[in-house]
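>>> build me a structure from this.
(one chain, ligands or ions: 1)
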Amino acid sequence: MHRSDRAGWLRAAVLGADDAIVSTASLMIGVAASSASRGAILIAGVAGLVAGSMSMAVGEFVSVSSQRDAEQADIEIEKRELEGQPRAELNELALIYMHRGLDKELAMQVAEQLSARDRLGAHLRDELGIDPDALARPFQAAWISALSFGSFATLPIIALVLSPPGLRVPAIAGLSLLSLGSLGALGAHLGGAPRVRAAVRVCVGGSLAMAVTALIGKMLGVSVG
Ligand SMILES: [Zn+2]
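Model (predicted):
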């Protein structure tokens, strides 16, 4: 298997995890910088986890649903065409194989044999680029991304719960950056890309997000509190 084949869902999973860590940690650090109590920081973290998971679920559901609707519409059109003009459709399929480099006779043989086995499947794969065995699944995408977000958002919350009062912000930031770096390296490793570069990139991005929310939290804490 080519490594890039796995990059799609892997990228989505790693992005969801990064998103969960960066947004929850930044939220908690922002609240902590306003010199809020431990309880308030904890509530901010848990609220961020719940809100983020639900927003991921809804966002994934909506986007994968419209992808599925588009696939279903294409499949319906293709079914109708296969019913209505089977001969033209067979020629069309053979033409696709000719464009890919087969000579005319062989292309027709391939088109005929594949059509005999699974006519709709052959058209979906080779004409429309839809894998009939891997159609979009909105509910699956929704719960997987919500679960991924919820799991990784617990990391900064665990850091808060385990840290002594003076070390809350460094503990949340430290564990979050460590996790971000490891995830970045793991994602790059599985995708066959340079590990250190990916880890550094995601850590720099995460640090920036936390620094900005810390600054804003501190300013609001001074002016509001
Ligand atoms: Zn067709």
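
>>> what's the burial count for whichever residue of the chain sits closest to the ion?
Going by CB to the ion, the ion is nearest to residue 123 of the chain, at 3.9 Å. Every residue, glycine included, has its C-beta placed from N, CA and C. Applying other CB atoms under 10 Å, we find 26 residues neighbouring residue 123.

>>> same deal with residue 210?
Neighbour number of residue 210 under other CB under 10 Å is 24.

>>> so it versus residue 64, what's the distance?
30 Å (CB to CB, to the nearest Å).

>>> check residue 209 too.
Residue 209 sits 26 Å away from residue 64, taking CB to CB as the criterion.

>>> ok, residue 131 next?
Residue 131 sits 15 Å away from residue 64, going by CB to CB.

>>> out of these two, which sits in the busier spot?
The residue with more neighbours, out of residue 131 and residue 64, is residue 64; 18 against 11, by other CB under 10 Å.

>>> name the element that one belongs to?
helix 38-84 (DSSP states H and E).

>>> helices or strands up against that helix?
Other helices and strands packing on helix 38-84, by 3 or more CB pairs under 8 Å, 6 or more residues apart in numbering; DSSP states H and E, are helix 7-33, helix 86-99, helix 104-123, helix 138-162.

>>> could you tell me which residues of the protein lie near the ion?
Within the chain, the positions near the ion by CB under 5 Å from the ion are 89, 123, 127.

>>> residues in contact with the first one?
Under the criterion of CB atoms under 8 Å, 6 or more residues apart in numbering, the contact list for residue 89 reads 81-82, 123.

>>> count of neighbours near the nearest residue to residue 57 once chain neighbours are set aside?
Among residues not flanking residue 57 along the chain, residue 146 sits closest, at 3.9 Å (CB to CB, 6 or more residues apart in numbering). Neighbourhood size, residue 146 [other CB under 10 Å]: 22.

>>> picking that back up, tell me the angle the helix holding residue 64 makes with helix 104-123.
Using axes from the mean of the first three to the mean of the last three CA atoms, to 10 degrees, the inter-axis angle of helix 38-84 relative to helix 104-123 is 130 degrees.

>>> helix 38-84 vs helix 138-162, what angle?
170 degrees.

>>> and the angle for helix 38-84 with helix 7-33?
Interaxial angle, helix 38-84 versus helix 7-33 (the same axes, to 10 degrees): 160 degrees.

>>> just use 448 as the starting number from now, easier for me
All set: I'll call the first residue 448, so the last point we hit is now helix 485-531.

>>> centre of the chain to helix 485-531, how far?
Centre-to-centre, helix 485-531 and its host chain are 11 Å apart (CA atoms, centre = their mean, to the nearest Å).

>>> what do you get for stretch 644-659?
19 Å.

>>> low pLDDT regions in this structure?
Residues of the chain meeting the criterion pLDDT under 70: 448-459, 462, 672.

>>> buried deepest among the helices and strands packed on helix 485-531, which one?
Each of the helices and strands packed on helix 485-531 was scored by mean neighbour count; the highest is helix 454-480, a mean of 21, by mean count of other CB atoms under 10 Å.
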